[in-house]
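Q: I would like to see how this sequence folds:
(one chain, ligands or ions: 1)
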Amino acid sequence: MKIIDLIGENKMTLSFEVFPPKTETNFESVKAATEEIAKLKPAFMSVTYGAGGGTSKYTLDIAKNIKERYNVPSLGHLTCVSSSKETVRQRISEIKAAGIENVMALRGDIPAGMENDDRSSWDYQHAIDLVLELKEANPDFCIGGACYPEIHPESSNQREDIKRLKEKVDAGCDFLTTQMFFDNNLLYNFLYKIRQAGITVPVIPGIMPITNANQVARAIKLSGSFMPQRFKSLVDKFGCNPDAMKQAGIAYATDQIIDLYANGISNVHVYSMNKPDVARKIQSNLSDILGSDVQ
Ligand code: FAD
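A: Numbers count the residues shown, from 1 in each chain. Model prediction:
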């Protein structure tokens, strides 16, 4: 099923993100974790793509397994910046052959060493190039794009970032998923600005439950996200007690999700990081809310 049809149903739903194994050795354990999450019957599951394409085969294997074995719609991620046209075209035909209808079109981070290259020699500069390529390969793909409520780290200002985002959406994105954020006001502000700019596709907020203190520094480094004082206090207080930190992190993420639903968002995507226990707990915290109508 296409994600655009799922999220158009106006019911409050939850979806989860998983990532593929890096090597064959841990394929089975990762697959088992993703299956546990699939058993929760989320609205859909996304499977990330290793930068550089090293784990691309596993992305497809996991996405296919979730869809075929558990009947959970899957969203396969694909990046382009560090790949050749030939490789990307090959991946797209594999996605088609696997019957995956939903593709997240990403540029990917620029690999160390490539920053100073002459960009004109790259086959792909930006995610928009991949969106166009996917549309051409199969006009029926449901295509997602990434967006950044706190601006993409490479953008000089939000106006420019939103202008580029509009071009990407106009090229063929059916929906957008956000980078993680820890203060919902940042999302509401961003939504206001992109609607003003004429971007009308659904935006799925991405929520990262922080369940251990070590994750905090990594999450900020990756996303550049603002940490509200309320969140910092929680990490200060419980960071040294793993069980308490996990409980507090899940409660914080649940609180963010409830606020999003209360403000008219229909689908929330949880960066569940291959942790079935975290996904299960968040879903159970929302058990009476999920499936009800968005007012
Ligand atoms: P783009 O849309 O190309 O934007 C990147 C930057 O370029 C922005 O600053 C934008 O404003 C600017 N820009 C865009 N178009 C133009 C243009 N025509 N001219 C000039 N500037 C332009 N990474 C992975 O490796 N694997 C994953 O599975 C993955 N999943 C992700 C999922 C989500 C929801 C998000 C938010 C990010 C994900 N990432 C993933 C990270 C992502 O690859 C990086 O954030 C990357 O740096 C940007 O990718 P993008 O698709 O947003 O790029």
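Q: list the buried ones in stretch 144-156?
A: Neighbour-count burial for stretch 144-156, counted by 16 or more other CB atoms under 10 Å, picks out 144-152. No exception for glycine: its C-beta is placed from N, CA and C like everyone else's.
Q: Restricting to those, which residues neighbour the ligand?
A: Residues of the buried residues of stretch 144-156 in contact with the ligand (CB under 6 Å from any ligand atom): 146, 152.
Q: Could you save the buried residues of stretch 144-156 as a markdown table and add columns showing pLDDT and distance to Ser56?
A: Converted to a markdown table, the buried residues of stretch 144-156 look like this (pLDDT from 0 to 100; distance: CB to CB, whole Å):
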| residue | pLDDT | distance to Ser56 |
| --- | --- | --- |
| Gly144 | 98 | 17 |
| Gly145 | 98 | 19 |
| Ala146 | 98 | 18 |
| Cys147 | 98 | 23 |
| Tyr148 | 98 | 24 |
| Pro149 | 98 | 28 |
| Glu150 | 96 | 29 |
| Ile151 | 96 | 28 |
| His152 | 96 | 23 |
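Q: Return the subset of the buried residues of stretch 144-156 lying in strands.
A: Counted as lying in strands by DSSP state E, out of those, are 144-147.
Q: hang on, the earlier thing: out of the buried residues of stretch 144-156, who's nearest Phe226?
A: The shortest gap between Phe226 and any of the buried residues of stretch 144-156 belongs to Glu150, at 6.2 Å (CB to CB).
Q: residue ranges for the helices of this structure, please.
A: 3-6, 27-38, 56-70, 85-97, 127-137, 158-172, 184-196, 213-223, 229-238, 242-262, 276-285 (DSSP state H).
Q: neighbours of the residue nearest to Thr79 when sequence neighbours are not counted, just the number please.
A: Counting by CB to CB, 6 or more residues apart in numbering, Thr79 lies nearest to Gly108, which is 3.0 Å off, once chain neighbours are set aside. By the other CB atoms under 10 Å criterion, the neighbourhood of Gly108 contains 20 residues.
Q: surely Gly108 meets Val88?
A: No: the pair Gly108 and Val88 fails to qualify as a contact (CB atoms under 8 Å) at a distance of 10.8 Å.
Q: Next up, the contacts around the residue nearest to Asp129 when sequence neighbours are not counted.
A: Setting aside the residues directly before and after it, Asp129 is nearest to Cys80 in space (CB to CB, 6+ apart), at 6.3 Å. Taking CB atoms under 8 Å, 6 or more residues apart in numbering as the definition of contact, the neighbours of Cys80 are 88, 105-108, 123-124, 127, 129-130, 133.
Q: With pLDDT and distance to the ligand added, can I get those in CSV?
A: Listed next are the contacts of Cys80 as CSV, based on pLDDT from 0 to 100; distance: CB to the nearest ligand atom, whole Å:
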residue, pLDDT, distance to the ligand
Val88, 95, 13
Ala105, 98, 7
Leu106, 98, 4
Arg107, 96, 3
Gly108, 93, 4
Asp123, 93, 14
Tyr124, 94, 9
Ala127, 98, 3
Asp129, 97, 8
Leu130, 98, 8
Glu133, 97, 13
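Q: now these: which count as buried?
A: By neighbour count, with 16+ other CB under 10 Å, the contacts of Cys80 hold 88, 105-108, 124, 127, 129-130, 133 as buried.
Q: tell me the two of these that are most distant?
A: Using CB to CB, the two most remote members of these are Gly108 and Glu133, lying 14.0 Å apart.
Q: Could you export the helix or strand bottoming out on mean pLDDT in the chain as CSV, CA atoms only?
A: Within the chain, judged by mean pLDDT, DSSP states H and E, the helix or strand with the poorest mean is helix 213-223; its value is a mean of 83. Coordinates of each C-alpha in helix 213-223 appear next as CSV, following Å, rounded to 0.1, in the frame of the first residue of the first chain:
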residue,chain,number,x,y,z
ALA,A,213,22.6,9.1,27.7
ASN,A,214,25.2,8.1,25.1
GLN,A,215,22.7,8.6,22.4
VAL,A,216,22.2,12.3,23.2
ALA,A,217,25.6,13.5,22.0
ARG,A,218,25.4,11.4,18.8
ALA,A,219,21.8,12.5,18.1
ILE,A,220,22.8,16.2,18.4
LYS,A,221,25.9,15.7,16.3
LEU,A,222,23.9,14.0,13.5
SER,A,223,20.9,16.2,13.5
